[in-house]
Each structure stands twice: as structure tokens, then as C-alpha cells.
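Engineer: Build me a structure from this.
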Amino acid sequence: MKIAFLGLGRMGSGMAQNLLRAGHELVVYNRTPERMQPLVAQGAKPAASPAEAVQGVDALVTMLADDAAVETVLFGANGAFAALPAGAIHVSSSTLSEAFVVRLAEEHARAGHGFVSAPVFGRPEAAAAGKLRVVVAGTPQFVECARPIFEAIGEAVHVVGTQPQLANVVKLAGNFMIMALLEALGESYALMRKAGIEPLQFLEIINGLFRSPVYENYGRIVAEERFSPAGFAAKLGLKDMRFVLASAERAAAPMPLASLVRDRFLALMAQGGEALDWAALTRIAAMEAGLLSPSKDAS
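Structural biologist: The predicted model follows:
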């Protein structure tokens, strides 16, 4: 397939690299041009704009920070949307709001494009290794056409429905569960430290009860306080919590714990933690327990 890939952050770069390894013809665009160079060195073609990137492609993949970033690359100056060929498929792997995905699906349908929502679970290391879990929703015909993309970037593909926004609801719910786990880890580790027990010893015990990559990976990141550089920035975690609560309101599904976690992210933002990994959410519990000073939290 000839594929345009827009968005070469830590996640997008790994995904694009695996598309190249799978033998796809790849055109790349990133707002910061130097991020394109490693992929160009491996055979990708650079584009000067989103519109140039999608010329003659079979598929467009976007992996961007939020609704506003996708809005800009699709519908802004030299945007991809107007230049995307009829019949081409847009695969959106960004974590977006449910309402925005509904709008994207409608816009693409009117323009004669395919649209599949395919957000992913996994950190940058998983993206580089092709071990993401891909959650997919869209018209079956478009899902099957895009399947080679999913198989190149992920180790598991989960098709959850024909309405694209359903994949984003699953992704948001999953991210909420990770963030709720981070809050629980932060509170538990604070208790352990004050009791004189090392968090890594506690992690070894709870992994015997709740063994999963999420507990193992985040439990170690938090215990070792590896919050910079961010695999996923805290400010994006706050964005996702806002999207979670918007979907909850849309569905009339009360999520009181989600509201609490959103407020914990606001507390982290107030301490200057925007650029830290979202696992730094756990520092709020540590500060409240007198284990950290607010000034250290922003370092």
C-alpha cells in the first residue's frame, strides 16, 4: 500500500517505522521537519505539507496529540482532507473525543473517503517493537482494506463495531483504567514508603495477585520515579480525562472516580508537571503524604 503518515512523535515514529519494515510505500509529514529524517534515511519520502503527503495514496494514518492537531492537519492551510483521493482510507490512531470522531466519519463519508478509527494501547517502546494493541471500528469493507496497517503496527487487533467512535470510547475507557491505577499506585506507594517498605518489594507482591503489563510497567516506572522524558505527557492524560467525562455525560454514565482522577491531574498541572510522564500523577499522593515538596514535583 502507499500510505501517508502524519504525526511523528514518539508513538508515531515507531508505528511509521514498522509500516516501512512491512514493505509499504510511505510518505511522511511532521510539523517539526527533523523528525522525518530517520524515516527518510530508511526509505520514506518526506512531504512539505499534509496536502502533499496524501497525493495518490491508498491510506492516510494520523497519530497526533488531540482534536485540534487533527483539525489542523486535515482542514487547515495545505490540509490533507481536500487532497485525499476519493476512495482512500483515513486511519485515525489518535486518542480523540467521541464527538470529534463522529464529525470526522461524517466529513469523510460526504467526500467519498473511507474512515476507520484505530486508537492503540501501548507506550513508545511497544510502538517501536510493533506490539501495540489496536482497537478498530468502522465499516467492515474499510476495516479489511486497512488490516495490513493494523498488522504491521500491532500484535493484536480488536474490532469493536461499525461506528468509528466506538473504538475511541474503548480507548478512553482503557486510558481511564490506567489513570485510576496510577492514582491507586500513588496512594499505596505513599503508604508503603511511610511504613518503611520499599515500593519495588510491594510491587513484587501485588504482581503475584494482579499480574499484567500495566501493573508491571507502571509499577516499576512509579517506584523508580522515571517521569522524564515522558512516554505520554501528563497534559495529554488530562486531555483524555476530559474526553472520558464528555463521553460519560453523553451516555448518562456517572463516573465519580474519573472526576477525582481529573482533579488529581489538575493538581499536577498546578505544580508544573505538564511535560512529565502521566505516571507522575502519583506524585500528588506522595506530596500529600509529606514525601515530596511541591518544588521537586515540577523538576
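Engineer: so who does the most centrally placed residue in the chain touch?
Structural biologist: The centre of the chain sits closest to residue 95, judged by Cα atoms, centre = their mean, with a distance of 5.1 Å. The contact partners of residue 95, taken as Cβ atoms under 8 Å, 6 or more residues apart in numbering, are 66, 119, 168, 171, 172, 175, 236, 239, 240, 243. No exception for glycine: its C-beta is placed from N, CA and C like everyone else's.
Engineer: Residue 61 now?
Structural biologist: By Cβ under 8 Å, 6+ apart, the neighbours of residue 61 are 3, 4, 5, 6, 15, 16, 19, 91, 93, 149.
Engineer: what's the answer for residue 215, then?
Structural biologist: Contacts of residue 215 (Cβ under 8 Å, 6+ apart): 181, 203, 206, 207.
Engineer: Closest one to residue 189 out of the residues you listed, please.
Structural biologist: Nearest to residue 189 among these is residue 203, at 8.6 Å by Cβ to Cβ.
Engineer: And that closest one, which helix or strand is it part of?
Structural biologist: Applying DSSP states H and E as the criterion places residue 203 in helix 199-210.
Engineer: list the helices and strands that helix packs on?
Structural biologist: helix 165-195, helix 213-223 (3 or more Cβ pairs under 8 Å, 6 or more residues apart in numbering; DSSP states H and E).
Engineer: rewinding a little: mind giving me a markdown table with the contacts of residue 95 and columns for distance to residue 128?
Structural biologist: Listed next are the contacts of residue 95 as a markdown table, based on distance: Cβ to Cβ, whole Å:
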| residue | distance to residue 128 |
| --- | --- |
| 66 | 22 |
| 119 | 18 |
| 168 | 23 |
| 171 | 20 |
| 172 | 24 |
| 175 | 20 |
| 236 | 19 |
| 239 | 23 |
| 240 | 22 |
| 243 | 26 |
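Engineer: Redo those as CSV? Include pLDDT, neighbour count and distance to residue 157.
Structural biologist: CSV is the format used below for those (pLDDT from 0 to 100; neighbours: other Cβ atoms under 10 Å; distance: Cβ to Cβ, whole Å):
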residue, pLDDT, neighbour count, distance to residue 157
66, 98, 18, 24
119, 99, 25, 12
168, 99, 28, 16
171, 99, 27, 14
172, 99, 25, 19
175, 98, 22, 19
236, 97, 17, 24
239, 98, 20, 25
240, 98, 25, 22
243, 98, 24, 23
